[in-house]
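>>> Generate coordinates for the sequence data below:
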Amino acid sequence: DDTVEEVIARYLAMEAGLEINAMKNPRFEIERNTSYSQEQIQQLLGRYHAALTSLRGMTPYLMVKDESEVKDIHDMERIIRTFKQIAEEDGRQLVVFIDSLHRITNSRKFHQTVREAAMEISNSLKRWRNTYKLPVIATAELRKLNDRGGVRPTADDIKEASDFKYDVNVMLLLYND
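Now for the predicted structure:
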């Protein structure tokens, strides 16, 4: 659900151990930041450039698409078909990550309930896994848990969970107390 630029800045920040804003605009946040000494600026820029080098090394193996390129579930399948073929020719395994599962749309936006849309998306994910023999890893939104008083979420707390929890091979819930 983030733009390509935000995903790249987040990756660079994690790799460099720096703030995301510094990765979005290193010229202003690092180079022209008067609170840093010249030595600190050089050290921070070195970490930034090392993170960039790491990301460039991953380009044959990593592709990030956002909503500007993938409009609906059919665009996503077209991209999967294309890159599955490329991965197979190179002897690699394609892995699809989706953030967030609940932001996927389909071309039939009208005359479809939320439940029907979730069913179609769940069926598509399962079909991709089986047809293209690839892992699909997705994040999902939880229902509001405020009324439960700190109780850990369960699979039933995922929005429209019934289809997703039965169509997946593995469902993991991460929770931070």
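
>>> need the longest helix for the chain.
The single longest helix within the chain, with elements called by DSSP state H, is helix 38-58.

>>> got a pLDDT number for the closest residue to residue 45 other than its chain neighbours?
Counting by C-beta to C-beta, 6 or more residues apart in numbering, residue 30 is the residue found nearest to residue 45 once chain neighbours are left out, at 5.9 Å. Yep, even glycine has a C-beta here, placed from its N, CA and C like the rest. Residue 30 carries a pLDDT score of 90 in this model.

>>> what about residue 30, how many neighbours?
The number of residues packed near residue 30 is 22, by other C-beta atoms under 10 Å.

>>> In contact with it, which residues?
When contacts are counted by C-beta atoms under 8 Å, 6 or more residues apart in numbering, residue 30 touches 22, 36, 41, 44-45, 48.

>>> the helices in this protein, which residues?
Remark: helices assigned in the chain by DSSP H are 4-16, 20-24, 26, 38-58, 73-89, 114-132, 161-167.

>>> related to what we said a few turns ago, tell me the buried residues in the longest helix of the chain?
44-45, 47-48, 51-52 (16 or more other C-beta atoms under 10 Å).

>>> and what of stretch 58-78?
For stretch 58-78, burial by neighbour count (16+ other C-beta under 10 Å) applies to 70, 73, 76-77.

>>> One more: stretch 93-105?
Quick answer for stretch 93-105 (16+ other C-beta under 10 Å): 94, 96, 98, 101-102, 104-105.

>>> May I have the predicted confidence score for residue 6?
Confidence at residue 6, expressed as pLDDT, is 90.

>>> What count of nearby residues applies to it?
Counted with other C-beta under 10 Å, the neighbours of residue 6 add up to 15.

>>> Then residue 26?
22.

>>> Closest to the centroid, which residue in the protein?
When C-alpha atoms, centre = their mean is applied to the chain, the residue found nearest the centroid is residue 99 (3.8 Å).

>>> Give me the spatial nearest neighbour of residue 105, chain neighbours excluded.
Residue 105 sits nearest to residue 72 (C-beta to C-beta, 6+ apart), 4.8 Å away.
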